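> Give me coordinates for this.
(one chain, ligands or ions: 1)
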Amino acid sequence: MSGDNAGIREFGFDTRAVHAGQRPDPYTGARAVPIFQTTSYVFEDPESAAAYFNLQEYGNTYSRIMNPTVATFEERIASLEGAVGGVAFASGLAAQAAALFTMLESGDHVVASSALYGGSVTQLKHVLRKLGVALTFVDPDRMEEWEGAIRPDTKLLFGETIGNPGGNVLDIEAVAALAHRHGMPLMVDNTFATPYLCRPIDWGADIVVHSATKFLGGHGTSIGGVVVEAGKFDWSNGRFPVVADPSPAYHGLAFHETFGMYGYLMKLRAESLRDLGGAMSPFNAFLFLLGVETLSLRMDRHVRNAVEVARFLSDHPGVERVRYAGLPDSPYAPLAAKYLPRGAGAVFAFDVHGGRRAGTTLIQSLDVWSHLANVGDAKSLIIHPASTTHRQLTDDELAAAGIGPGTIRLSVGIEDAGDLIWDLRRGLERVTAQTPEEVTA
Ligand SMILES: *Cc1c(COP(=O)(O)O)cnc(C)c1O
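As a prediction, the model looks like this:
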């Protein structure tokens, strides 16, 4: 944003969602964010080229490390999250992997919520173990479990604002305070909430990661992710030599000492993104920026529709239970009131009577809802974990994962709520029309 007010007025969320990180292109006057589809950038002279590579000056070198279209997306999300900066990646899991890789080394230990996105569980359990990092999963609702799992070598606490499939709401303030008492950061995956519904940094979180693939993009077109940092954590407290000490991978640069509150993010970009790759494409950044412009409008509609659908389902005799933190009888309602005052998101699970058979019948009967494995699209999405993503599990194993044979996960879109409910009502009628033997088969 430009003009006399910039710098003295703190612009609101919606203004920043449309403008943050961009001015009209100085060369062409283009008002939309240009797609800088280029791999590399011509240096003005050998001295500035050297200064860029030494990180003495900030300038474009190569699009694996930075790109102007991607930079606008990074700055926009950082602004919306109340962070000092951000680094974008080719996917949410690439973002998370790089965020972890930058701060952890072999011999470290991480404590994470057990109610995480499935891909995150796999990444933490198997990829980190390969790198020599140990992991303990805890019930995110129990503070004593978080506390009890912390060891002298623990370097990070990690959870999701809204967990899956139970709709757990993380007590961010309490978990952040615990992390800080032990001299370590809290990292939060804010994908399901988006900064419009919750800003974890306001409650003490240090690092926020996103799968931009979901609500930030909002239209199911592109895969991407981003890491932002509050810039408040003291990486020089003696517990993070991997961030604070002179780096052999960057000719002895001490990132935290040199860049202060930007130290972790600089290391994330100049080393982890440089060396692991996984950069966001400029075209995807452009699509994510379009999505973010309407984030608040879409999230308000997503939430309003989710509440209507959840109410309909909880009143339906064919439904056993609805696990949506936005319903007043949810065990997470008090935490949702605190952390998610504008709504508890639009992804939640419910259980139909009649087990696996009822679940598959319901899904097959729908016209408006799309049966697929994604969330956060403008379109309403539905999946039956027991017959798809968790198909190989026995009923006992499903129960341990918080998934019943009749559990259905919804991502409520922005269509007419009446049509979404009409479709579900017809599907549930089809389920109850099955003979009892069919239902239990
Ligand atoms: C989808 C998702 C991810 C992974 O993101 P990708 O963009 O698919 O790599 C991580 N966390 C949550 C909560 C997600 O929904």
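> Could you pull out the strands in the stretch 51-200 of the chain for me?
85-89, 109-113, 134-138, 154-160, 186-189 (DSSP state E, counting those that start in this stretch).
> For the stretch 201-350 of the chain, which residues are neighbours of the ligand?
211, 213-214, 223, 225 (Cβ under 6 Å from any ligand atom). Every C-beta, even on glycine, is put in place using the N, C-alpha and C of the backbone.
> Extract the residue ranges of this structure that are flagged as low pLDDT.
Along the chain, segments meeting pLDDT under 70 span 1-7, 435-441.
> what's the biggest helix by length in it packed up against?
In terms of residue count, the longest helix belonging to the chain (DSSP state H) is helix 295-315. Packing partners of helix 295-315 (3 or more Cβ pairs under 8 Å, 6 or more residues apart in numbering; DSSP states H and E): helix 13-19, helix 194-197, strand 319-323, strand 347-352, helix 417-433.
> For whatever residue of the chain ends up closest to the ligand, grab the count of nearby residues.
The ligand sits closest to Gly92 of the chain, with a gap of 2.3 Å, by Cβ to the nearest ligand atom. Gly92 has 25 neighbours, counted by other Cβ atoms under 10 Å.
> Output the strands of the stretch 51-200 of the chain as JSON lines; include the columns mean neighbour count and distance to Ser314.
Formatted as JSON lines, the strands of the stretch 51-200 of the chain follow (neighbours: other Cβ atoms under 10 Å; distance: least, Cβ to Cβ, whole Å):
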{"stretch": "strand 85-89", "mean neighbour count": "28", "distance to Ser314": "38"}
{"stretch": "strand 109-113", "mean neighbour count": "23", "distance to Ser314": "25"}
{"stretch": "strand 134-138", "mean neighbour count": "18", "distance to Ser314": "29"}
{"stretch": "strand 154-160", "mean neighbour count": "24", "distance to Ser314": "23"}
{"stretch": "strand 186-189", "mean neighbour count": "27", "distance to Ser314": "27"}
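> Could you double-check that Ser314 lies in contact with Gly326?
No. Taking Cβ atoms under 8 Å as the definition, Ser314 is not a contact partner of Gly326, at 11.0 Å.
> With neighbour numbers in mind, choose between the two.
Gly326 (22 against 15).
> Nearest residue to the more buried one in space, please, no chain neighbours.
Leaving aside its sequence neighbours, Gly326 sits nearest to Ala344 (Cβ to Cβ, 6 or more residues apart in numbering; 3.7 Å).
> do the same with Arg129
Leu135 (7.0 Å).
> List the contacts of the one you found.
Going by Cβ atoms under 8 Å, 6 or more residues apart in numbering, Leu135 touches 109-112, 124-125, 128-129.
> okay, the strands of the stretch 51-200 of the chain in JSON lines with distance to the ligand next?
Shown next, in JSON lines, are the strands of the stretch 51-200 of the chain (distance: least, Cβ to the nearest ligand atom, whole Å):
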{"stretch": "strand 85-89", "distance to the ligand": "9"}
{"stretch": "strand 109-113", "distance to the ligand": "11"}
{"stretch": "strand 134-138", "distance to the ligand": "15"}
{"stretch": "strand 154-160", "distance to the ligand": "6"}
{"stretch": "strand 186-189", "distance to the ligand": "5"}
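> now the helices for the stretch 101-250 of the chain?
118-122, 128-130, 143-149, 172-181, 194-197, 241-244 (DSSP state H, counting those that start in this stretch).
> The first one near the ligand anywhere?
It refers to helix 118-122. Yes. Counting by Cβ under 6 Å from any ligand atom, the ligand has neighbours in helix 118-122: 119-120.
> on that earlier part again, thought the residue nearest to Gly326 was touching Leu335?
No. Ala344 is beyond contact range of Leu335, at 9.2 Å (criterion: Cβ under 8 Å).
> The two: who's more crowded?
Ala344 (31 against 21).
> Could you list which residues are in contact with that one?
Contacts of Ala344 by Cβ under 8 Å, 6+ apart are 162, 167, 169, 197, 303, 306, 324-326, 330, 332, 336.
> which element is it on?
Remark: Ala344 resides in no helix or strand, with elements defined by DSSP states H and E.
> do you know how far it is from Gly204?
Ala344 sits 20 Å away from Gly204, going by Cβ to Cβ, to the nearest Å.
> winner for burial among the helices and strands packed on helix 295-315?
helix 194-197 (a mean of 26; mean count of other Cβ atoms under 10 Å).
> which residues touch that helix?
13, 17, 77, 80-82, 161, 210, 215-216, 295-296, 299, 303, 340, 342-345.
> Can you say which of those are buried?
17, 77, 80-82, 161, 210, 215-216, 295-296, 299, 303, 340, 343-345 (16 or more other Cβ atoms under 10 Å).
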